[in-house]
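*Asks:* quick check, what structure comes out for this input:
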Amino acid sequence: MIDRRARRLPTSVPVPVDPQFVQTFCEGGWARCDRIYGKRRTQTWASAIGRDRLRQMRREHLMGRKG
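*Replies:* Reported below is the predicted structural model:
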């Protein structure tokens, strides 16, 4: 008999942050990232990077586009 528990993947393995996530966030904000990556993944990556840092990066990106 096959032990099915032996084939399960661990859930504690962190998913690496997509290199394009920050750029996507700066250009489109929370809603766009939620649509592309899913809300749960967006929240996880935002926590890993830092929500305040992401907001500041987006603010700077938008200010750079205006000037």
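*Asks:* tell me which other helices or strands the helix or strand harbouring residue 53 touches.
*Replies:* According to DSSP states H and E, residue 53 maps onto helix 51-66. Where contact means 3 or more C-beta pairs under 8 Å, 6 or more residues apart in numbering; DSSP states H and E, helix 51-66 is packed against helix 21-37. Just so you know, the C-beta spots here come from the backbone N, C-alpha and C atoms, and that holds for glycine as well.
*Asks:* tell me which residues are up against the helix it packs on.
*Replies:* 18, 42, 45, 46, 49, 54, 57, 58, 61, 62 (C-beta atoms under 8 Å, 6 or more residues apart in numbering).
*Asks:* which elements pack onto the strand or helix carrying residue 40?
*Replies:* Residue 40 belongs to helix 39-49 when assigned by DSSP H and E. When contacts are defined as 3+ C-beta pairs under 8 Å, 6+ apart, helix 39-49 packs onto helix 21-37.
*Asks:* how far off centre is the helix it packs on?
*Replies:* 8 Å (C-alpha atoms, centre = their mean, to the nearest Å).
*Asks:* list the buried residues for that helix?
*Replies:* For helix 21-37, the neighbour count (16 or more other C-beta atoms under 10 Å) marks 21, 22, 25, 26, 30, 33, 37 as buried.
*Asks:* stretch 47-54 now?
*Replies:* residue 54.
*Asks:* which residues sit against that stretch?
*Replies:* Residues outside stretch 47-54 that contact it (C-beta under 8 Å, 6+ apart) are 14, 17, 21, 22, 25, 46.
*Asks:* from these, which two are the most distant?
*Replies:* Farthest pair in these (C-beta to C-beta) is 14 and 25. Separation: 18.6 Å.
*Asks:* could you list the low-confidence segments of the protein?
*Replies:* Regions of the chain meeting the criterion pLDDT under 70 cover residues 1-11, 67.
*Asks:* how far away is residue 33 from residue 52?
*Replies:* For residue 33, the distance to residue 52 equals 16 Å [C-beta to C-beta, to the nearest Å].
*Asks:* go on, residue 20?
*Replies:* Using C-beta to C-beta, residue 20 is found at 21 Å from residue 52.
*Asks:* okay then, goodbye and thanks.
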